[in-house]
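J.: below is the structure, and that's it, no one-letter string:
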């Protein structure tokens, strides 16, 4: 039986590629020497041989660029290291503030932490506490907002002042419109009504027997109107709210009743002869008569609760 023989291990490495594929040629003009261990310039990014490896030797067009990059990178690293070493100390930034979460010590509005503003509570938080659930937003009073009690008291005070002004103003108007006793007062009233019917404007499609003729005014202290007063007629079957819309349009008074919730900007109808504010749902034929005077007022509010 013949023993198998193992070929002796080779004492050299076989090169299966071209010799020129191992190194690189020097890129300096007129040199182009093949160097098996070429040098790469960090400034111009070209390859050179041993003799031309320095920036001076190969006349580098971007000499010193590598030193500038190194210095710039080292400054950035040192700044980060200083901020990290400072721990929770306040960074040197003019707009830096601490996270609004009381238990958090992170500073925001810095180059590392930009901060997130919460529009609900009007505070700025770090990324960890940016969500409403993370900083208990629902239990916080928004910064810059007035407490609800103060706002409610303010609205009540405005209504009280507005209604007080309404009572004083209405009393004066009633006294001015009270007819003076005279033998011909009834005939004078009839003549005034006929004159009102001749000059009054309104929807011409309304039947004459259903028309209610009124003197309509816009009180200057609370309402700015291009036409301060006019003689108008409306249907007796209309509600006061519809009459208000039509009268405001004809007097060119801004009517935003459908877009506001507070009484400060809401228009209302005041019946001078009756001495009261009319409800929007009342029928004209039930609460007004021919020749009556109504005034458009703003910000007077509903009648005060006397309870």
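T.: Now that the structure is in, tell me what you want to look at. Just so it is clear, the structure is predicted and the values come from calculations on it, not from any experiment. Numbering: from 1, shown residues only.
J.: for the rest of this, base every contact and every neighbour count on C-alpha atoms.
T.: Fine.
J.: ends of stretch 98-105, how far apart?
T.: Stretch 98-105 has its terminal residues 6 Å apart, counting by CA to CA, to the nearest Å.
J.: what does it rub up against?
T.: 88, 106-108, 115, 123-126, 129, 135 (CA atoms under 8 Å, 6 or more residues apart in numbering).
J.: what comes up buried for it?
T.: By neighbour count on 16 or more other CA atoms under 10 Å, the buried set for stretch 98-105 is 98-101.
J.: and stretch 119-136, by the same measure?
T.: 121-126, 129-130, 135.
J.: got the end-to-end distance for that stretch?
T.: 14 Å.
J.: stretch 253-260 too?
T.: End-to-end distance for stretch 253-260: 15 Å, by CA to CA.
J.: tell me the buried residues in it?
T.: The neighbour-count check on stretch 253-260 (16+ other CA under 10 Å) flags 253-255 as buried.
J.: before we move on, the earlier item: can I get the contacts of stretch 98-105 in JSON lines including pLDDT?
T.: Shown next, in JSON lines, are the contacts of stretch 98-105 (pLDDT from 0 to 100):
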{"residue": "88", "pLDDT": "46"}
{"residue": "106", "pLDDT": "87"}
{"residue": "107", "pLDDT": "88"}
{"residue": "108", "pLDDT": "87"}
{"residue": "115", "pLDDT": "85"}
{"residue": "123", "pLDDT": "90"}
{"residue": "124", "pLDDT": "91"}
{"residue": "125", "pLDDT": "91"}
{"residue": "126", "pLDDT": "90"}
{"residue": "129", "pLDDT": "89"}
{"residue": "135", "pLDDT": "88"}
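J.: closest to residue 37 out of those residues?
T.: Lowest distance from residue 37 to the contacts of stretch 98-105 (CA to CA) belongs to residue 88, with 49.3 Å.
J.: phi, psi for the closest residue to residue 28 other than its chain neighbours please.
T.: Using CA to CA, 6 or more residues apart in numbering and skipping residues adjacent in sequence, the residue nearest residue 28 is residue 58, 6.1 Å away. Torsion angles at residue 58 (phi, psi; degrees, to the nearest 10) stand at phi -100, psi 10.
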